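Chemist: below is the sequence, then the predicted model.
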Amino acid sequence: MVFPAPAGAAGFRLVEQDNAGQGQAHAITASVNDAAAVYYNPAAMAEAGSYAAKAGFQFVDPKNQYSGPVRSFETANETFAVPHLYVMKNFGESGWAVGLGAFANFGTGTNWSMYDTFNYEATNTKLTSSTVNLNVARRLSDTISVAVGVDYLKADVIYDSMYPFGSILSASIPDGYLNIKGDGGGFGFNVAALIKPSASIKIGVSYRSRVTVKLSGDALIHNFPGALRPLLAAKGVAGDDWASGVEADLNLPDMLQVGVAYQASERLLVEFDADYTGWSSLDTLDFKFSKPLVIPASGAALLPATRVKTFDWKNVVALRLGAAYQYSEALTLRCGAYHDPSPVPEETFTPRLPDGDRRLASLGFTYRAADNFTIDAAYSYLWTDTRSVDNAVGAPYVTVDGDYKSTTNIFGASVGYRF
């Protein structure tokens with residue numbers, strides 16, 4: 001259902017969960033009033049009618065660019081789709097509501113050429129995810145609603161690079177290719193609240209817990225040179241590829257959104273959100289290989305028992321501002337902007353995740369096509385500051401030093417139903 005998308009919040013978090021939300025730069029934690037409340041603030045399900053449902057896509061068109069001392073290039077052109085689906089039921093005077101959502105919290109994808117400057121560090125990288133989230137909400141009074149939920153997140157990872165046989169053995173020997181792929185899942189929980197201190201103000205709070213995904217899969221080193229094939233033969237391998245099982249724990253961050261919505265006039269609503277992501281959970285990614293491979297004569301590990309990739313990411317807070325203007329009974333216009341700082345320190349920056357401080361501007365609308373049906377459409381333009389990198393990632397075989405920047409076009413549509 002879900003494809004990778006290198007967009008959304010800094011790091012590899014995705015905030016593209018709805019197109020009314022996208023039109024307001026996702027500053028909608030307090031003001032969401034349809035089935036997308038299942039994601040943005042489940043406590044607001046009490047605001048969404050007796051029954052509500054919503055489905056749609058965001059299409060993401062990214063471009064990552066690198067400029068180095070020798071040459072400049074960019075990732076392959078790809079367009080990704082991020083879908084969402086929500087259904088909910090409000091039980092009216094009892095104050096209870098339930099909702100179910102399917103969406104993608106996280107995703108990324110970069111596809112650098114096998115012949116680029118840092119090909120031993122990164123070529124093809126993909127993280128895809130899908131989350132199923134069940135929520136129960138309760139309206140405690142006319143001014144306070146709360147919710148609690150449980151979710152299951154499934155992730156698939158591809159982590160490829162060229163393998164430096166030429167650098168390890170002899171410059172005349174062609175390189176191999178390292179392909180690591182795995183998948184797995186993990187459970188998490190979420191809690192939320194909606195507070196209405198006055199007729200014109202709403203305060204929304206939504207928290208989602210960390211999720212540890214237990215990845216397992218395969219690691220393959222392709223195209224062993226002739227000089228090393230006797231080593232493979234001694235291990236019972238007839239061809240020129242070495243295969244091993246691989247395991248790793250992917251520690252995905254917790255997230256907290258706090259939003260304040262102000263009904264400035266009968267037609268105009270403005271919301272400001274502060275959005276925290278606990279990226280310090282991503283300290284290291286430790287690959288554990290079931291069949292390590294060592295050259296007996298030198299003791300050199302062609303595939304070690306463990307390979308540790310250090311991230312040391314930091315926690316960040318994004319600031320979002322959105323507005324909705326009721327132009328007519330049938331048409332609501334939306335706009336928004338946000339600033340999202342990068343969690344990636346320079347020391348561990350890698351072209352697999354060429355992240356910088358992000359800015360986004362968005363426009364959108366909601367059109368009431370019939371009494372119970374709505375259409376949301378939105379467009380956002382996201383860009384990062386140019387980031388100059390000077391670190392030791394990739395050493396001793398390659399350097400990732402240089403300037404990085406990215407731009408992304410995001411456009412989408414959703415169809416909603418409520419009564």
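Modeler: It's in. Numbers count the residues shown, from 1 in each chain.

Chemist: so what does the longest strand along the chain touch, helix or strand wise?
Modeler: Across the chain, the strand with the greatest residue count (assigned by DSSP state E) is strand 176-198. In terms of contacts (3 or more CB pairs under 8 Å, 6 or more residues apart in numbering; DSSP states H and E), strand 176-198 is packed against strand 124-139, strand 144-163, strand 201-208, strand 211-222, strand 242-252. All C-beta spots, glycine's among them, are computed from the backbone N, C-alpha and C.

Chemist: out of those strands, which gets nearest to Trp96?
Modeler: With CB to CB as the measure, strand 124-139 is the member of these nearest Trp96 (5.8 Å).

Chemist: just the buried positions in that closest one, please.
Modeler: Neighbour counts using 16 or more other CB atoms under 10 Å place 124-131, 133-135, 137-139 of strand 124-139 among the buried residues.

Chemist: can you get me a residue count around Ile173?
Modeler: 17 (other CB atoms under 10 Å).

Chemist: ditto for Tyr381
Modeler: 14.

Chemist: so what's it up against?
Modeler: Taking CB atoms under 8 Å, 6 or more residues apart in numbering, we find Tyr381 in contact with Leu360, Ala361, Ser362, Thr407, Thr408, Asn409, Ile410.

Chemist: ok, of the residues you listed, which come out buried?
Modeler: Buried by 16+ other CB under 10 Å: Leu360, Ser362, Thr408, Ile410, out of the contacts of Tyr381.

Chemist: strand partners (parallel or antiparallel) of the helix or strand encompassing the last one?
Modeler: Ile410 belongs to strand 402-418 when assigned by DSSP states H and E. Pairing partners of strand 402-418, with direction, according to DSSP bridges: strand 51-67 (antiparallel), strand 373-384 (antiparallel), strand 387-389 (antiparallel).

Chemist: which of the helices and strands packed on strand 176-198 sits closest to Ala337?
Modeler: Using CB to CB, the nearest of these to Ala337 is strand 201-208, at 18.8 Å.

Chemist: for the closest one, packing partners?
Modeler: Packed next to strand 201-208, using 3+ CB pairs under 8 Å, 6+ apart, are strand 176-198, strand 255-263.

Chemist: show me which positions of the last one end up buried.
Modeler: By that I understand strand 255-263. For strand 255-263, using 16+ other CB under 10 Å, the buried residues are Met255, Gln257, Val258, Gly259, Val260, Ala261, Tyr262, Gln263.

Chemist: stretch 388-405 too?
Modeler: Applying 16+ other CB under 10 Å to stretch 388-405 flags Val389, Val393, Gly394, Tyr397, Val398, Thr399, Val400, Asp401, Gly402, Tyr404, Lys405 as buried.

Chemist: which among those residues gets closest to Gln58?
Modeler: Nearest to Gln58 out of these is Lys405 (CB to CB; 21.7 Å).

Chemist: for the residue nearest to that closest one when sequence neighbours are not counted, list the residues it contacts.
Modeler: Leaving aside its chain neighbours, Lys405 sits nearest to Thr386 (4.5 Å; criterion: CB to CB, 6 or more residues apart in numbering). Neighbouring residues of Thr386 by CB under 8 Å, 6+ apart: Gly356, Asp403, Tyr404, Lys405.

Chemist: before we move on, back to that, check the offset of the strand holding Ile410 from the chain's centre.
Modeler: 12 Å (CA atoms, centre = their mean, to the nearest Å).

Chemist: flag the helix or strand of this protein with the lowest per-element mean pLDDT.
Modeler: helix 165-168 (a mean of 82; mean pLDDT, DSSP states H and E).

Chemist: what does it rub up against?
Modeler: Helix 165-168 is contacted by residues 120, 172-176, 223-225, 228, 300, 302, 396-397 when judged by CB under 8 Å, 6+ apart.

Chemist: cool, and stretch 45-54?
Modeler: Here stretch 45-54 has contacts from 18, 32-38, 84-90, 92, 95, 97-99, 135, 137, 139, 145, 147, 194, 414-419, using CB under 8 Å, 6+ apart.

Chemist: dump the buried residues of strand 124-139 to CSV, plus distance to Tyr367 and pLDDT.
Modeler: Shown next, in CSV, are these (distance: CB to CB, whole Å; pLDDT from 0 to 100):
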residue, distance to Tyr367, pLDDT
Asn124, 40, 93
Thr125, 38, 93
Lys126, 35, 93
Leu127, 34, 93
Thr128, 31, 93
Ser129, 31, 94
Ser130, 29, 95
Thr131, 28, 97
Asn133, 27, 98
Leu134, 30, 98
Asn135, 27, 98
Ala137, 27, 97
Arg138, 32, 96
Arg139, 29, 95
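
Chemist: can I assume Ala227 sits in a helix?
Modeler: Yes - assessed with DSSP: H, G, I helix; E, B strand; the rest coil, Ala227 lies in a helix.

Chemist: count the residues that sit near the spatially closest residue to it that is not a sequence neighbour.
Modeler: Using CB to CB, 6+ apart and skipping the chain neighbours, the partner closest in space to Ala227 is Leu169 (6.5 Å). Other residues lying near Leu169 total 16 when counted by other CB under 10 Å.

Chemist: kindly report the same for Ser141.
Modeler: By other CB under 10 Å, the residues close to Ser141 number 9.

Chemist: what helix or strand is it located in?
Modeler: Under the criterion DSSP H and E, no helix or strand holds Ser141.

Chemist: how near is it to Met255?
Modeler: Distance of Ser141 to Met255, given as CB to CB, to the nearest Å: 27 Å.

Chemist: still on that earlier bit, okay, the helices and strands packed on strand 201-208, which one's buried deepest?
Modeler: Each of these was scored by mean neighbour count; the highest is strand 255-263, a mean of 20, by mean count of other CB atoms under 10 Å.

Chemist: what about the helix or strand just after it, average pLDDT?
Modeler: Per DSSP H and E, the first helix or strand lying C-terminal to strand 255-263 is strand 268-277. Strand 268-277 shows a mean pLDDT of 98.
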